[in-house]
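Enquirer: just coords:
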């Protein structure tokens, strides 16, 4: 069972470690084939990848932030992440196949 953090941002890793996560596999891009049942994936994944994480039996924890316009596009410190109400929100995402017309 692994905990994955999918981000290019070092502040997000520091924040996650501050939250009590210890053994984290930090990757800039998720290789979905490496995710196994029982794993935990943390990040801000596109919905199709979050659905695949869930389909594989892993948990998806979305790293949610309320970022004001003046902080967008910059590296955030742990203090700035706290100001932006950084939090983990668990989602269960399921792909619903469209029926052929």
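Expert: Happy to help now that I have it. Owing to the predicted nature of the structure, the values given are computational and were not obtained by experimental measurement.
Enquirer: tell me, what's the model's pLDDT at the residue sitting nearest the centre point of the chain?
Expert: Most central residue of the chain, judged by C-alpha distance to the mean C-alpha position with C-alpha atoms, centre = their mean, is residue 43 at 1.3 Å. On the pLDDT scale, residue 43 is placed at 97.
Enquirer: now do it against residue 11, distance only.
Expert: For residue 43, the distance to residue 11 under the criterion C-beta to C-beta, to the nearest Å works out to 13 Å. For glycine as for every other residue, the C-beta is placed from the backbone atoms N, C-alpha and C.
Enquirer: do the same with residue 71
Expert: Residue 71 sits 11 Å away from residue 11, taking C-beta to C-beta as the criterion.
Enquirer: what do you get for residue 51?
Expert: Distance from residue 51 to residue 11, counting by C-beta to C-beta: 27 Å.
Enquirer: then residue 17?
Expert: Residue 17 is 11 Å from residue 11, by C-beta to C-beta.
Enquirer: for residue 40, same thing?
Expert: 20 Å.
Enquirer: now residue 30
Expert: As defined by C-beta to C-beta, residue 30 lies at a distance of 19 Å from residue 11.
Enquirer: the more surrounded of the two?
Expert: A side-by-side neighbour count of residue 30 and residue 11, using other C-beta atoms under 10 Å, places residue 30 first with 20 against 17.
Enquirer: which SSE is the more buried one in?
Expert: Following DSSP states H and E, there is no helix or strand that holds residue 30.
Enquirer: spatially nearest residue to residue 32, not counting backbone neighbours?
Expert: residue 52 (5.2 Å; C-beta to C-beta, 6 or more residues apart in numbering).
Enquirer: so which bits of whatever helix or strand that neighbour lives in are buried?
Expert: Take DSSP H and E as the rule and residue 52 turns out to sit in helix 47-55. If you call a residue buried by 16 or more other C-beta atoms under 10 Å, then helix 47-55 has these buried ones: 49-54.
Enquirer: ok, so of those, who is nearest residue 62?
Expert: Minimum distance to residue 62 across the buried residues of helix 47-55 is 7.6 Å, recorded for residue 50 (C-beta to C-beta).
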